[in-house]
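A.B. asks: just the structure for this:
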Amino acid sequence: MSTGNWPRIGVAALGAAAVALATPLPAWGAGDVTDTATETFEVRLTPLNGSGVHGTGTLILDESGHEPVLTVRLDVNNVIPGQLHPQHIHGFTADGPVEGKGPQDDATCPTGGSRNQIEGLPEEAQRPDRSLALEEGLDEYGPVLLPLQPFPVPEDRDYLFVETYTGDELDALNLDEVALTNRHIVIHGGLVDGFDRDGRPDTYVASLPVACGEIEMSR
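C.D. replies: Numbering: from 1, shown residues only. Here you go, the predicted structure:
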């Protein structure tokens with residue numbers, strides 16, 4: 001029997017074609033495509049108020065799921081042992097307390113000119129002009145957006161903090177519209193200029209800013 005002009009097709013090719021025809025095509029609906037976007041950020045903490053507190057940090061933002069997940073790791077040095085150290089991500093918002101600042105404005109670390117804008121803060125200090133209070137730094141770093149809780153109470157002069165945040169906890173960061181690089185991290189808790197009879201500072205103020213760092217894209 002003549003095969004005419006039909007091409008000769010090998011058995012292997014026929015098998016591959018059959019498998020391809022039997023395999024269903026993927027559905028390309030919006031809910032079927034997974035976004036695997038993960039970004040890594042870093043922060044270098046430098047001292048405020050002459051505290052000597054410093055450190056580094058890493059932030060990993062995972063937006064591959066139905067809601068973003070932010071993991072924060074901080075390695076902080078030269079803190080006061082046995083005392084509560086509040087720590088936050090600060091930044092500006094549309095309806096925040098800092099006039100003329102909005103979500104797209106970058107937070108910054110306070111400078112020397114920020115201090116002594118509010119007389120008597122902190123009240124415990126004998127020379128409050130030497131201490132930058134939390135409120136006095138708002139114009140630079142903005143209000144608290146995300147408290148990095150649980151706040152550590154280190155046993156020694158250093159602490160390592162690792163925590164993950166998701167869902168409603170991240171709402172104030174407004175990650176859909178504002179880059180995380182617009183934000184800063186501020187560590188609080190230090191001694192002010194009240195002295196004991198031996199000349200050592202003995203007044204601990206938990207709200208006192210002691211270190212600050214800009215959140216940057218990891219290199």
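
A.B. asks: show me the shaky parts of this protein.
C.D. replies: 1-36, 112-130, 193-202 (pLDDT under 70).

A.B. asks: what about the strands in it?
C.D. replies: All strands of the chain, identified by DSSP state E, fall at 38-47, 54-62, 69-77, 87-90, 144-147, 158-166, 184-195, 201-217.

A.B. asks: among these, which comes closest to residue 132?
C.D. replies: strand 201-217 (5.9 Å; Cβ to Cβ). Where C-beta positions appear, they are placed from N, C-alpha and C, glycine not excepted.

A.B. asks: between that closest one and strand 38-47, how big is the angle?
C.D. replies: 150 degrees (axes from the mean of the first three to the mean of the last three Cα atoms, to 10 degrees).

A.B. asks: next, the angle strand 184-195 makes with strand 201-217.
C.D. replies: 170 degrees.

A.B. asks: check which helices and strands strand 201-217 sits against.
C.D. replies: When contacts are defined as 3 or more Cβ pairs under 8 Å, 6 or more residues apart in numbering; DSSP states H and E, strand 201-217 packs onto strand 38-47, strand 54-62, strand 184-195.

A.B. asks: mean neighbour count and distance to residue 138 added to those, as CSV?
C.D. replies: What follows is the helices and strands packed on strand 201-217, written out as CSV (neighbours: other Cβ atoms under 10 Å; distance: least, Cβ to Cβ, whole Å):
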stretch, mean neighbour count, distance to residue 138
strand 38-47, 17, 19
strand 54-62, 18, 21
strand 184-195, 23, 10
